[in-house]
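dropping a prediction and its sequence here:
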Amino acid sequence: MMKLSKLLLSVAALCSVFALNAEAKLFKWVDDKGITHYGETIPPEFANKEAMKFDKGRSEKRSDTRDVAAKKARQDPVAEKARIEAERHDSALVNTYSSEQEIDLARDRNLQQVEARTNSFTTLLRSAQENLVALNAEEAKITQSGRALPKSLVEDIAAGKTRIAKLQIDLDTSAKETDKVKARYEADKVRYRELKGFTPKK
């Protein structure tokens, strides 16, 4: 009689365990050796592998949920636009250049254009500064004589200062463009190697 009671208690305890497990999520996955495993969580080293999830009597492939997530990402207008632009850029790289040397040549041509603009702004800025010096000298001369400053002179001085400020901004922007061009073409070379399957240079 005592043995029967112990048996009944063991059966009841086992049923409770199964009842709890029925409520919990169960995963099934296969390791690199082809061995199938079951558990409530998937080890990190197998997180990227296809898995089956059992949830309250239903089974669902985890790879399917990843496909749904990818589909949702494609429905994001901003993400989709970025993806399309990246594909177009990749296509342009492999179809425009046949070697890294050609990318260097394209970079140098662009740098020459930027350098020409920089030199132009430098010349214009120097001329504007010299003109303002002359206007300031004329202003000082008139002030020392006790005469009233002509309205045109005041306006010319104000316009000269404004022009110098704008040219300085243009010059600074052109100088920064040099670094941007170098960085852009260096990134293109890295991506070109990846697309062509070349070994990165050390």
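It's in. Nothing here was measured: the structure is a model prediction, and the numbers come from that model.

residue ranges with poor pLDDT in the chain?
Scanning the chain with the threshold set as pLDDT under 70 gives 1-34, 37-40, 42-74, 199-202.

one more time with 80
Within the chain, the segments meeting pLDDT under 80 span 1-75, 198-202.

just the helices in it please.
With helices called from DSSP state H, the chain shows them at 2-23, 62-74, 77-96, 100-145, 151-196.

nearest to T36, of these?
helix 62-74 (14.5 Å; Cβ to Cβ). From N, CA and C alone the C-beta is placed, and that goes for glycine too.

any chance of the helices of the chain in JSON lines, with distance to T36 and mean neighbour count too?
Converted to JSON lines, the helices of the chain look like this (distance: least, Cβ to Cβ, whole Å; neighbours: other Cβ atoms under 10 Å):
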{"stretch": "helix 2-23", "distance to T36": "18", "mean neighbour count": "9"}
{"stretch": "helix 62-74", "distance to T36": "15", "mean neighbour count": "11"}
{"stretch": "helix 77-96", "distance to T36": "36", "mean neighbour count": "11"}
{"stretch": "helix 100-145", "distance to T36": "48", "mean neighbour count": "14"}
{"stretch": "helix 151-196", "distance to T36": "36", "mean neighbour count": "14"}
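
redo the ones you listed as CSV? Include distance to T41.
Formatted as CSV, the helices of the chain follow (distance: least, Cβ to Cβ, whole Å):
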stretch, distance to T41
helix 2-23, 14
helix 62-74, 12
helix 77-96, 30
helix 100-145, 46
helix 151-196, 35
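
quick one: residues contacting the residue nearest to A175 when sequence neighbours are not counted.
In space, and not counting its chain neighbours, A175 is closest to T118: 6.1 Å by Cβ to Cβ, 6 or more residues apart in numbering. By Cβ atoms under 8 Å, 6 or more residues apart in numbering, the residues touching T118 are 171, 174-175, 178.

same check, this time on S152
With Cβ under 8 Å, 6+ apart, S152 has no contacts at all.

between the contacts of T118, which is nearest D104?
Nearest member of those to D104, counting by Cβ to Cβ, is T178, at 15.3 Å.

surely the closest one and V114 touch.
Yes. Counting by Cβ atoms under 8 Å, T178 touches V114, with 5.3 Å between them.

leaving out the residues flanking it, which one is nearest to L167?
That would be L125: by Cβ to Cβ, 6+ apart, it lies 4.3 Å from L167.

how close does that neighbour sit to Q112?
20 Å (Cβ to Cβ, to the nearest Å).

same question for K176.
17 Å.

break this protein into its domains for me.
16-73, 98-196 (automatic domain parsing).

who's in contact with Y97?
Here Y97 is in contact with 103, 106, 192 (Cβ under 8 Å, 6+ apart).

got those residues as TSV, with distance to L149 columns?
As requested, the contacts of Y97 are arranged in TSV below (distance: Cβ to Cβ, whole Å):
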residue	distance to L149
I103	57
A106	53
Y192	62
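
good, wrapping up.
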